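sharing a model that was predicted from the sequence below.
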Amino acid sequence: MPGHFRTKLADFIDSKIKDSGKSITGEFNDNTPLITSGLLESLHLLELALLVEEEVRVPLDLTTLDFIKEWDTIDRILNFAKNYKP
Amino acid sequence: MTIGLNENAEINTDFFDNDKKLPLVITPKRRGLKLIDFLKLNQNEIEENLLKHGGILFRGFQIDGLADFESLVKNCYGDLIDYNDRATHRTQVEGKVYTATNYPPELEIILHNESSFAAKFPTRIFFYSIEAAEKGGETPIADVRKVYEQIDPSIRKPFEEKGVLYVRNLAGGPFGFTWQEVYQTQDKTEMERFCKESETDLEWIDENKVRTKQLRPAVAKHPVTGELLWLNHATVLNVYSIEPKLQQMLLKFFKEKDLPNNTYYGDGTSIGKDVIDELRKAYDSSTVAFRWEPGDVLMLDNMLVAHGRKPFSGRRKVVVAMAKPVSWKELNTSV
């Protein structure tokens, strides 16, 4: 997985957290919960889906996606993108 | 202007919007007048004014916390209603008092009459502002007698003839609800029984995902005044009412039939964007939005007046209590 996607993800998440005026307690890293902690909301997840789709280059089916299991941390999103098979 | 309250030495009355005569604003002349006591002593006059104007804002009265708020609603209208057949995320904060909505603050909730898609819904709804947002967060309201009149008869007609079909996909995840959240039970049999009783059709997609369909009238006559009301969720739950960026993304990632919420004419045919735009204009032309102040209580006849929520920033805490339910079966829905 190219490092640029990780950077892109981190920048996206950082900007969404800043826009919504939320703050992170403790260190922010690739295993920081994003959905279960409430840092990302539904609108953000759709925007994130556009970003992931751009990376995997195939249309995503969000109706079958378990967001918490597969997208709750940067690490999980990177794994999802790396292993995604439509 | 008001019925029976002009001679009351303890209060002042006015309208927030003098043209729309909504809401009636009642303020006490002295500090420390308890709202619960005022309502007990003036219940008939309050009820008459509510039926005339649709909404009353009580500002500057003393309310001693959530339990007091719950008691004052109970004193007026008996037992409060549980929030079942949910359409928004709410947190129970005291007895049967809930946060008004946990919907993301940056998004607007457009006008609707509480739970009008359900088989049974409250005819009285009370909002209590505990903490007002720094910016935005108003609860816009509109008299749906006027909304009805504002809608072109050619647009109203198919709704009046066919009703509204509400389709929801309860699949959980970040874009919708699970059936357990909507029906407030973990028991599938109990949920299926509730849906049967409330004339909600179920189509199980898999073990945990279900599509619900509810066919309801779009209009009703008020049970007391007999006035015609535009009484439905056709606009607020329609995909074309969603904020454009979110709408575009939802339609990109979901097939129309899989959208968390959507509305159709009662025969299942699509409601066009142009129609939804016209309905929104009708609401807009009748809408009044006032800034909340801490301690405000807004009392609405939920059949006469629709409500929404403006986006906001900062902290905001508005809670809600609902009472005096009515079922669609009890109402006259012929035009």
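Happy to help now that I have it.

may I have the helix or strand of chain B with the lowest mean pLDDT as PDB, with CA atoms only?
None of the helices or strands of chain B scores lower by mean pLDDT, DSSP states H and E than helix B:244-253, at a mean of 88. This file holds the C-alpha atoms of helix B:244-253, laid out as PDB (Å, rounded to 0.1, in the frame of the first residue of the first chain):
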ATOM      1  CA  PRO B 244     -27.100  18.300  -1.800                       C
ATOM      2  CA  LYS B 245     -23.600  17.100  -1.100                       C
ATOM      3  CA  LEU B 246     -24.900  14.300   1.100                       C
ATOM      4  CA  GLN B 247     -27.700  13.500  -1.300                       C
ATOM      5  CA  GLN B 248     -25.300  13.100  -4.200                       C
ATOM      6  CA  MET B 249     -23.100  10.800  -2.200                       C
ATOM      7  CA  LEU B 250     -26.000   8.700  -0.900                       C
ATOM      8  CA  LEU B 251     -27.300   8.300  -4.400                       C
ATOM      9  CA  LYS B 252     -23.800   7.300  -5.600                       C
ATOM     10  CA  PHE B 253     -23.300   4.600  -3.000                       C
END
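
all strands of the stretch 101-250 of chain B, in order?
B:109-112, B:120-131, B:135-136, B:141-143, B:164-170, B:200-204, B:210-216, B:219-221, B:228-230 (DSSP state E, counting those that start in this stretch).

redo these as CSV? Include distance to chain A and mean neighbour count.
To be clear about C-beta, it is placed using only N, CA and C from the backbone, and glycine gets the same treatment. Shown next, in CSV, are the strands of the stretch 101-250 of chain B (distance: least, CB to the nearest CB, whole Å; neighbours: other CB atoms under 10 Å in any protein chain shown):
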stretch, distance to chain A, mean neighbour count
strand B:109-112, 14, 23
strand B:120-131, 16, 22
strand B:135-136, 11, 14
strand B:141-143, 26, 27
strand B:164-170, 8, 23
strand B:200-204, 14, 15
strand B:210-216, 11, 19
strand B:219-221, 32, 21
strand B:228-230, 29, 24
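
residue B:306 and residue B:283, how far apart?
Residue B:306 sits 7 Å away from residue B:283, going by CB to CB, to the nearest Å.

so between the two, which is more surrounded?
The residue with more neighbours, out of residue B:306 and residue B:283, is residue B:306; 31 against 23, by other CB atoms under 10 Å in any protein chain shown.

distance of the nearest residue to the more buried one once chain neighbours are set aside from residue B:31?
Closest residue in space to residue B:306, ignoring its immediate chain neighbours: residue B:111 at 4.1 Å, by CB to CB, 6 or more residues apart in numbering or on different chains. Distance of residue B:111 to residue B:31, given as CB to CB: 34 Å.

residues contacting the host helix or strand of residue B:74, please?
Using DSSP states H and E, residue B:74 falls within helix B:65-77. For helix B:65-77, contacts defined as CB atoms under 8 Å, 6 or more residues apart in numbering or on different chains pick out B:35-36, B:39-40, B:43, B:46, B:63, B:80, B:93-97, B:124, B:126, B:128, B:297, B:319, B:321, B:323-324.

and it, C-alpha only, in PDB?
Only the C-alpha atoms of helix B:65-77 are listed here, as PDB (Å, rounded to 0.1, in the frame of the first residue of the first chain):
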ATOM      1  CA  GLY B  65     -35.000  21.000  36.100                       C
ATOM      2  CA  LEU B  66     -36.000  18.100  33.900                       C
ATOM      3  CA  ALA B  67     -38.200  16.400  36.500                       C
ATOM      4  CA  ASP B  68     -40.200  19.600  36.800                       C
ATOM      5  CA  PHE B  69     -40.500  19.900  33.000                       C
ATOM      6  CA  GLU B  70     -41.700  16.300  32.800                       C
ATOM      7  CA  SER B  71     -44.300  17.000  35.600                       C
ATOM      8  CA  LEU B  72     -45.700  20.100  33.900                       C
ATOM      9  CA  VAL B  73     -46.300  18.200  30.700                       C
ATOM     10  CA  LYS B  74     -47.900  15.300  32.600                       C
ATOM     11  CA  ASN B  75     -50.100  17.700  34.600                       C
ATOM     12  CA  CYS B  76     -51.400  19.200  31.300                       C
ATOM     13  CA  TYR B  77     -51.900  16.100  29.200                       C
END
